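Undergrad: okay, sequence plus prediction incoming.
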Amino acid sequence: MTRFLALVTLLLVPAVDTLAQDAEDLIILSMRDRAAVIDQLLEERFETVIPELMRREGFDMWIIAAREYNEDPIIRTMLPSTWLAARRRTVLVFYDRGPEQGVERLAVARYAMGNAFPSSWNPEEQPDQWARLAEIVEERDPQRIGLNMSEMFPTADGLTATEYEGMVAAWPQTYRDRIAGAENLAVGWLETRTESEMELYPMIVKIARTIIAEGLSEKVIQPGVTTTDDVEWWYRDRIRELGLVTWFHPSVDFQRPQATERDNDFSAREEGGVIHMGDLLHIDFGITYLRLNTDTQMLAYVLRHGESDAPQYLHDALAVGNRLQDILTDEFATGRTGNEILLSALAQAKKEGINATIYTHPIGYHGHGAGPTIGLWDQQGGVPGRGDYPLYPMTAHSIELNAAVEIPEWGGQTVRVMLEEDAIFDGEKVTYIDPRQEALLLIPRQ
């Protein structure tokens, strides 16, 4: 058994119920073992994802150029596990020689980039790095050359003006005329998940959800004493204790009877409130592990004296949120745009009497990933540009939304059931990477 397979087997060891265990019960690899997994995943992606996407988008050459600490977002996802930044100027070249010979990979740089990109530049023979790149281009005579330029997706727009000007100044006009923005190619690289990645993703999401459950428990929260700020910073410390990182600061907030109703202005959250019995708590949380991101929102209820469960009306409200998830994911179909999915889902929710807000996004190498945006909380009529991008198979998405539910027992006050779950679209159906929340977490656990 190879080291990679042994590590994958280790990661996939069955665990007990996610929400009933501490994070120490899950397997989190050492940095050295993570590196082995990352490098193997990258090699597989170079061999399979790159050829498919280059041919799909009609490019026979893709060039990515970046300088140390000013990396193109794409090149950051291609760096070997032991590289934390590009070195000096790093230029990567993919050249498709056809299905039989496959895609050639070159690093026009002072150093080879790991084993994946051999160095093709000797400064002693050709001092000018851009001139050497021009030689490589002319030798291969590509008909369509992709560069990372995009108005729509920032992660596909990594080629700086300085790099572009230096690069093309060394090219004959013939090849300048063959340049095209590689937006869809870059987005395809970022959004496409391999079978191997999807074998690992459930454990990554499980780790994140376990940490969430640990924080939303009596282990951390003492009603009447603990504040939402306290819990947020507990999460930051806990993530570090486990040798992990987060890609955004966790947020914890509450809804309670007679409190100011929560609206959709997510830029105006209250901070630092004390948590009390009877509160409905909400968390937004994500980690980065093995270069893949999670993004999860869950709900918990703080039991009052004498209660052993949350009130039924809150369980019913959560069920409305789950129904809205189903309405949205039922609209997923290959080739449909984010805006088409959004508007169809909102129309069906309205028919069913659900007061819905949908703001779902791709996830993977980035938390807010490139791909079809399915609504923004302040753009429920569609998102120009990013919402017009089509849905492709083998892509991961954060199913993020909320349903506003009126609670008679709270004097008709509206509760927003804010949920977010990571899922994979395989081309036919949507499957949650880890089972979604269908019951409120209870504090304390019963």
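TA: Nice, I can see it.
Undergrad: any idea how far the residue nearest the centre of the chain is from G102?
TA: By Cα atoms, centre = their mean, the chain has its centre lying nearest to I363, at 2.3 Å. Remark: distance between I363 and G102 (Cβ to Cβ, to the nearest Å) = 29 Å. (Glycine included, C-beta is placed from N, CA and C.)
Undergrad: circling back: my guess is the residue nearest to the centre of the chain contacts N293. True?
TA: Yes: I363 lies in contact with N293 (Cβ atoms under 8 Å); the separation is 5.7 Å.
Undergrad: which residues do these two both contact?
TA: G369 (Cβ atoms under 8 Å, 6 or more residues apart in numbering).
Undergrad: okay, buried residues for stretch 94-114 please.
TA: Residues of stretch 94-114 classed as buried: 94-96, 103, 105-109, 113-114 (neighbour count, 16 or more other Cβ atoms under 10 Å).
Undergrad: go through those and say which is closest to A182.
TA: Nearest to A182 among these: F94, at 10.1 Å, using Cβ to Cβ.
Undergrad: report pLDDT for the closest one.
TA: Listed pLDDT for F94 reads 98.
Undergrad: so which of the buried residues of stretch 94-114 sit within helices?
TA: Among the buried residues of stretch 94-114, no member falls in helices (criterion: DSSP state H).
Undergrad: got the phi and psi for G382?
TA: phi 120, psi 160 (degrees, to the nearest 10).
Undergrad: what of I136?
TA: phi -60, psi -40.
Undergrad: can you check D157 too?
TA: The phi/psi pair for D157 (degrees, to the nearest 10) is phi -120, psi 40.
Undergrad: next, count neighbours for the closest residue to it other than its chain neighbours.
TA: Distance criterion Cβ to Cβ, 6 or more residues apart in numbering; nearest residue to D157, sequence neighbours excluded, is S150 at 4.2 Å. S150: 20 surrounding residues under other Cβ atoms under 10 Å.
Undergrad: list the contacts of S150.
TA: 156-157, 181, 183, 186-187.
Undergrad: so it: helix, strand or coil?
TA: coil (DSSP: H, G, I helix; E, B strand; the rest coil).
Undergrad: any idea how far G335 is from it?
TA: 21 Å.
Undergrad: likewise for R32?
TA: Applying Cβ to Cβ to R32 and G335 gives a distance of 42 Å.
Undergrad: kindly reformat the contacts of S150 as CSV and extend each row with distance to G278 and neighbour count.
TA: Shown next, in CSV, are these (distance: Cβ to Cβ, whole Å; neighbours: other Cβ atoms under 10 Å):
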residue, distance to G278, neighbour count
A156, 47, 25
D157, 48, 18
G181, 54, 17
E183, 49, 21
A186, 48, 30
V187, 45, 27
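Undergrad: put together JSON lines for the residues you listed, with pLDDT and secondary structure on each row.
TA: Conversion of the contacts of S150 to JSON lines gives the following (pLDDT from 0 to 100; DSSP: H, G, I helix; E, B strand; the rest coil):
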{"residue": "A156", "pLDDT": "96", "secondary structure": "helix"}
{"residue": "D157", "pLDDT": "96", "secondary structure": "coil"}
{"residue": "G181", "pLDDT": "97", "secondary structure": "strand"}
{"residue": "E183", "pLDDT": "97", "secondary structure": "helix"}
{"residue": "A186", "pLDDT": "98", "secondary structure": "helix"}
{"residue": "V187", "pLDDT": "98", "secondary structure": "helix"}
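Undergrad: hmm, V108 is touching F117, no?
TA: No: with contacts counted by Cβ under 8 Å, V108 stays clear of F117, the gap being 9.2 Å.
Undergrad: between these two, what contacts are shared?
TA: With Cβ under 8 Å, 6+ apart, V108 and F117 have common neighbours L92.
Undergrad: what bridges to I399?
TA: E421 (DSSP bridges).
Undergrad: pLDDT score for it?
TA: For I399, pLDDT reads 98.
Undergrad: burial count for the residue nearest to F46 when sequence neighbours are not counted?
TA: Take F46 and drop its neighbours on the chain: the residue closest to it by Cβ to Cβ, 6+ apart is A116, 5.8 Å away. Residues contacting A116 under the criterion other Cβ under 10 Å number 18.
Undergrad: T373 too?
TA: By other Cβ under 10 Å, neighbour count at T373 equals 27.
Undergrad: which residue sits closest to it, ignoring its sequence neighbours?
TA: The shortest distance from T373 to any non-neighbouring residue, by Cβ to Cβ, 6+ apart, is to R386 (4.0 Å).
Undergrad: wait, the one you found sits on M152?
TA: Yes: using Cβ under 8 Å, R386 makes contact with M152 at a distance of 5.8 Å.
Undergrad: among these two, which residue is more densely surrounded?
TA: R386 (21 against 18).
Undergrad: how far away is that one from R110?
TA: Taking Cβ to Cβ, one finds R386 at 37 Å from R110.
Undergrad: ditto for A404
TA: 57 Å.
Undergrad: cool, T414 as well?
TA: Where R110 is concerned, T414 sits at a distance of 60 Å (Cβ to Cβ).
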